[in-house]
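Participant: Build me a model:
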Amino acid sequence: MIVEEEQQIIEDFDQVESGSKRFKHDPEFYKAPTAEEMYTLKNTENLYHSNLLRLQLDELLSEIKVSEDKGRVYNALINDLIKSLKSMKPVKDVKYSDLKLFEAKNLTVPLGDLCKKVMKEGSYTFEAPKNVNLIGSFLSQTQLKTSENVSADICLEISDSFFTERDYLNYRYFIKRNLYMAHTYLHLMNSKRYSKLKYEFQSDFSSQFKPTLSMLFEGEGLEVRLHFSPSGSAFKLSRFNPGQCNARREFFTKNINSSIKFQEGSEEIYDPTPNYNFDVLSDLTIGQNNQVIKDKLGNSKSLLEAVKLIKLWLLKRELNNGFGGFDNFTLNMLIVYLLNNRQINPLMSPYQIFRLVLINLSDANWDKKGISLRDFIKNDSETSNETKSLCKIEDFHKYYQVVFLDSTGFMNITSKMSLETFQKVKFDAKISLNLLNDESIDNFDKLFIQNHSFLYECDALVKIGSNSKCSFYYDIIKTTEKVENLVKLIDSYDNSYTAALEIIMNVLKKALNERTNLIFVELVKKIKWNLSSKPSEDLPSVAIGLFFNDKYDNALIKGPSSTSPEAIEFRRFWGAKSELRRFQDTSICEAVYFEAKDLATKRLVYSEIVKHILNYHLSISEENLKFCDRQMNSLLSLPNGIIENYGTGEEKIADVVNTFDEFSRIIKNLKDLPLLINSINGISSVFRLTDTFAPLPGCFNYDSKSEKNMRFKIDHKYVPKYPLGPVIVPYVKPLEILIQLESSGKWPDDVECIKRLKTAFYLKIVQLLRENHDLVSYTHVEYLDVLYKGFVFRLFVYTMHELLCMKTSINELGIRVTNDTKESLAYEKILLHSSQFNSVIHGLQQKFNCFSGVCRLAKRWLSSQFLLEYFEDEAVDLLCASLFVNSFEPPRSIITGFIQFLNLIANYDWKNQLLLVNFNNELKKQQILDMQLKFQENRSQLQPVFILTPYDSRDKGSIWTIEKPNIQQFCRTVILAKQSLPKIKNSILNFESTDSFKNIFRPNIEIYDVIINLKPSYCVKAYQKVDICKGTFLPHYRAYDANDSDKTLPVVGFDPVEFYVKELREAFDDIALFFYDLYGSTKIHVLWKPDALKSKELKINNVKYRLIDRNTNELVLNLEAILEDFKIIGNELVESIKIKNESSVFK
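Facilitator: Sure, this is the predicted structure:
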């Protein structure tokens, strides 16, 4: 399967090249545009962002549109259903308590148990609905074809005679509504046409007592939801003002939940029931509001298409589906509001309307100053008494977090919308507007194609409870000891989740307000259940996503002055954690401190805050809390005992950089050098803080006998006597430094002469370092190793004159010419690009403190999949940099950045799009557009991964991706990223353990033909493995000690596995590929090349690696001899060789 996917991606890349070769100029292409085309172009210029965007939007709208043929089929089905519903026969004198009629049809009526309790006497007459109307998106023609089934909504208006005057009280209305729904189901089951359909109940999570009846036409792919509502005159709308009490305490405790106790008083207390009132009002006003939508949207193509675009935008961000979401009805009413307010009009293009809606949402202030449609919509049927009973918008704000009133002025459309959802909509609208305003980049996919689940985009996830029973949330409510929180249970039909959620969020927002840009709660999806059962009593856990700001890792919370009135509230909120502290400005303030010994624990301070504050205020124990933030830390850490206080390596990397700064000053201040040093720059990845594992000092905790195997004296041999002896040599990484000298005209023109002069320069540095600083060093022909504070710095001298000499040659005519060579390009990459690149990346890390961790984790993953060798180290850093430079809301946690890295690799359109990493916005719009045009014209000649930065050639792109990866290597990376994404997302969704996250760092070894097992005790980096095996060599490094009298140089860069693989590739490159993990591999995986497996003719040129097959008289692969050679070359390093896929060799 993987091979097929790789082949498909390779073919996609090949089509670019072959397509450009087959292209022929068509004379029709050069004809003058017609009047219609000119009109279209003019409209595009005026109404759209660009011509490309118009084409993309047109294509998108055509894809999500229900086809005309399907539409006709759906309309016919719906019309027939409406006729059937209108023809329902009446049923007289049915007792409320008699539900056997429904039980016989295996139907459990919602609120049936409550009906038996409170309506033991009396009867009702079921009659055909007063009206049956199509409502919702199907009526307004804004339905989307984004799933297998298209949905349509039908509303049955129940006649007034079915209800009595006081049915609005104590859930009586909902009981009767459900009885009417049950009779409707019986009618449908008596029809041959509808009896075989699939039926189920659906409801919003907070309104399980008021479900809709869903019926699925499986063959046609149509789902119809039946809604039930009383006529507008059944009850007075004013009875459902938010401050009215329509569900009484006594009724609730007697019939619904007797365990809830209220303090008894002499007078009955009437508690406001705003949510109960909304549930009734939404039914009472459903017909009028849908008519308003139909009248206003009409048949305006632009308006309808704009609504579809916004619905899709919300859908991709999971904001319009679930309890408390920004649903489609709210969206339609917002469009009506903007039309009436003259902020949009039907003559605008869908793009313009979409943009203006985003602008309105980003600036909306509905949580503080709500809006109302009543001011624009006339209601002739409304009486003067009802007009007087209208509440002011300010009154609605007392009961609801977000306020948007409908056309009647009585119902708050956003009653169920949480403040967190509203803020998330504003948050995403601002980001999308920034994407639209960035005209230099095509952001269409980010707006409408890519999924933006907050679970994978937030910086940290907190899970409270785990599929909890009701008791967990009841305990939270009771802990607060506030009557108003108990009253919320009455208002929500004993839904403890919705009541407890608001309490939890109020506490968390107060605790984390200064650390977050946004706190968002996962929307609980609509629930569905069989008609024969009741909805599940299990409640979902609370999944909270945190979007951090730059202050999220502060370990100290500074409170008010100790003498201020606010100090009392601060101490009350933080409890025993609050203490007095004196600050640098001499002020004495209340403060809360959470211990953080390193950067890794500082990143987790927020979790300590959550644990403390939830336990202190709501008695939520740590057992009921899960965090998705630290699971990746172990992949950047080292086993205990390797070196003290390693953590995740950031501090050790910082130590290296600080040591380099000291060392560079020593080098710069050297006197008596032939030429002055212009600059000293670190070019290793550690100097840009993106080395996966921090280089450790060459100081070891072993006895004196063992030390002889790990160090060597300068005056003796420079190779350890027993490199694979009783004690293996711990790995010491050389840290590369680039030295640039002042210009001079005395350099020779011969490259070899320049190298000898540079060696002499190294020797002079050695002399000065020994005399002036007593530093140990070793001179090589091409570099100089210097030991300073335990680290080995490898110095290279590079000059512009040497680069020019490398490029210069004399042709056959004796003329001096300048041409790039492989050696000159490699030299130029280091001289002109490395130090600048390190500087830019280092600056990015200073701005985003998680950038380093994202890069390191990305390299860790690539290496674990045996792919890091096929990427320049700088190329991986560039890919990660794009996540921060190109994003208007960059990741602020390592795990989020890593997920976005995988998503970039897996889903970016590498074939048709260049990846722009515009550092400091140095590239202007026109430059980017010109480069994109050149890229499209020359795509077939360019590398698979084309990255453009302000410091690269406009024709070749990034110098770091020109040579590698090739198409095959990169396609393999894309496939593995696509496979890793769902695994890590599932681990996040289920808050799984660290080991589960490690699965994506464990490669699939089934595809390899041979596995060479190495002795773990001889693998010097084995301690860096994802899974450390028994017998692994664990070196013991120690920090540098200035009093150490042993002035010896450690063995530098000695990795037996690396040398072994290099020899294998040199010997067997014709027939096999060798793969291994650069970070601690104890296995080498071998894959035979396809040509090697084929039999060959008996010729002298084909004899290598082969023997004669006596049956066919042809040459076949001599597997036994090759494997023996593998072992001989590896000597003591090889433990065993396993043939994993022997059939592939002898097939």
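
Participant: where does the stretch 601-750 of the chain have low pLDDT?
Facilitator: Filtered on pLDDT under 70, the stretch 601-750 of the chain yields the residue ranges 700-727.

Participant: mind listing the helices for it?
Facilitator: Per DSSP state H, counting those that start in this stretch, the stretch 601-750 of the chain carries helices over the ranges 605-618, 650-668, 704-710.

Participant: Just name the most buried of those.
Facilitator: Of the helices of the stretch 601-750 of the chain, the one with the most neighbours on average (mean count of other C-beta atoms under 10 Å) is helix 605-618, at a mean of 19. For the C-beta atoms, the positions are set from N, CA and C on the backbone; glycine is no exception.

Participant: Run the chain-centre distance for it.
Facilitator: 25 Å (C-alpha atoms, centre = their mean, to the nearest Å).

Participant: swap in stretch 743-753?
Facilitator: Stretch 743-753 sits 53 Å away from the centroid of its parent chain (C-alpha atoms, centre = their mean).

Participant: That stretch spans what distance, first to last residue?
Facilitator: 17 Å (C-alpha to C-alpha, to the nearest Å).

Participant: So residue 792, which state does it fall into?
Facilitator: Under DSSP: H, G, I helix; E, B strand; the rest coil, residue 792 falls in the strand class.

Participant: picking that back up, got the helices of the stretch 601-750 of the chain as CSV, with distance to residue 460 columns?
Facilitator: Converted to CSV, these look like this (distance: least, C-beta to C-beta, whole Å):
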stretch, distance to residue 460
helix 605-618, 7
helix 650-668, 18
helix 704-710, 42
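
Participant: Quick one, which of these gets closest to residue 893.
Facilitator: Residue 893 sits nearest to helix 605-618 of all those, at 9.9 Å, using C-beta to C-beta.

Participant: Show me what that closest one is packed up against.
Facilitator: strand 460-464, helix 470-480, helix 496-512, helix 566-574, strand 625-628 (3 or more C-beta pairs under 8 Å, 6 or more residues apart in numbering; DSSP states H and E).

Participant: in the stretch 101-250 of the chain, which spans are helices?
Facilitator: All helices of the stretch 101-250 of the chain, identified by DSSP H, counting those that start in this stretch, fall at 112-118, 136-140, 172-189, 249-255.

Participant: what residue ranges in this structure score low on pLDDT?
Facilitator: Ranges of the chain meeting pLDDT under 70: 1-33, 35-49, 263-268, 378-386, 466-470, 700-727, 1044-1047, 1141-1147.

Participant: One more pass at 50, please.
Facilitator: 17, 19-25, 266, 704-726, 1143-1147 (pLDDT under 50).

Participant: tell me the domain ranges of it?
Facilitator: As given by automatic domain parsing, the domain ranges for the chain are 1-32+848-1003, 65-235, 455-555+594-629, 631-696+732-820, 1005-1146.

Participant: Show me the one of those that comes nearest residue 57.
Facilitator: domain 65-235 (12.1 Å).

Participant: hmm, back to that, of the domains of the chain, give the one that comes closest to residue 390.
Facilitator: Among these, domain 65-235 comes nearest to residue 390, with 15.7 Å by C-beta to C-beta.

Participant: Please compute how far the closest one lies from its chain's middle.
Facilitator: Domain 65-235 sits 40 Å away from the centroid of its parent chain (C-alpha atoms, centre = their mean).

Participant: what about it, how long is it end to end?
Facilitator: OK, domain 65-235 end separation, C-alpha to C-alpha: 39 Å.

Participant: can you count the residues close to residue 829?
Facilitator: By other C-beta atoms under 10 Å, 18 other residues sit near residue 829.

Participant: I'm done for today, thanks for sticking with me.
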